[in-house]
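Visitor: What follows is a predicted protein model with its sequence.
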Amino acid sequence: MLALAGCGFRTSGLSLGSGGVFGGGSTEASNEATSSVPVAAPATSRTSIATAKPVDAYVLLGGKIKSCWFNADAPLLPNHVYRADVSPDGSKVQITIHEKQALGRAGLSTYAIDFRQEGAYTVVTTANSKMSPELAAKMQYDIDRWKRGETNCSREMPKVTAAARAAR
């Protein structure tokens, strides 16, 4: 059961939203370990969530991602596939977005969202490896809105910065 409490999500004692639950979104660069030589480091964003286990944060954000970005009526990502990998103990979760191949199979990974426990916090890191700057900005915009407690599937597109356009 999900109920809006102040500016954040609240479910079974789990709080996601204002009041220090989500930390600031600092940007870090990281290289993805692959068998090919990376052309450029993917753009990343890091956020921490207090009082939530990685699997709990995944359930909330992953549900919004599936219902808003992959819905049947008007998906944001109609040419992409959603994949999730949850560790057996729920302490590490990764959502990956892939290009859709024939028969709906997952192709190249284009975007990743990691949920990892660090002390009392769950750290959520997003990494764009192949999405267009405009689409990646929209995805990050949605994640930022949801961490503040918004629950809708907004079609609003954020303004892309000059730095994001230059990264193309």
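Guide: Perfect, thanks for sending it.
Visitor: When you work out contacts or count neighbours from here on, use the C-alpha atoms and nothing else.
Guide: Fine.
Visitor: So Lys64, which state does it fall into?
Guide: Of the three states, Lys64 takes helix under DSSP: H, G, I helix; E, B strand; the rest coil.
Visitor: who touches the longest strand along the chain?
Guide: Counting by DSSP state E, the longest strand found in the chain is strand 106-118. The contact list for strand 106-118 (CA atoms under 8 Å, 6 or more residues apart in numbering) reads 53-55, 57-58, 80-81, 91-101, 122-131.
Visitor: run the last query once more with 7 Å
Guide: With contacts defined as CA atoms under 7 Å, 6 or more residues apart in numbering, strand 106-118 is touched by 53-54, 58, 81, 91-101, 122-131.
Visitor: what does stretch 66-74 give?
Guide: Residues outside stretch 66-74 that contact it (CA under 7 Å, 6+ apart): 75-78, 153.
Visitor: Might you report the residue contacts of Asp56?
Guide: Per CA under 7 Å, 6+ apart, neighbours of Asp56: none.
Visitor: quick one: secondary structure of it?
Guide: Following three-state DSSP, we place Asp56 in the helix state.
Visitor: quick one, phi psi at Lys147?
Guide: With angles defined as degrees, to the nearest 10, Lys147 sits at phi -70, psi -20.
Visitor: That one and Gly62, how far apart?
Guide: For Lys147, the distance to Gly62 (CA to CA, to the nearest Å) stands at 12 Å.
Visitor: related to what we said a few turns ago, from the contacts of stretch 66-74, pick the one nearest Tyr141.
Guide: Cys153 (11.1 Å; CA to CA).
Visitor: for the closest one, helix, strand, or coil?
Guide: Three-state assignment for Cys153 (three-state DSSP): coil.
Visitor: Contacts only, for it.
Guide: By CA under 7 Å, 6+ apart, the contact list for Cys153 reads Cys68.
Visitor: in the chain, which spans are strands?
Guide: Under DSSP E, the chain gives strands at 3-5, 8-11, 14-16, 43-50, 80-86, 92-100, 106-118, 121-128.
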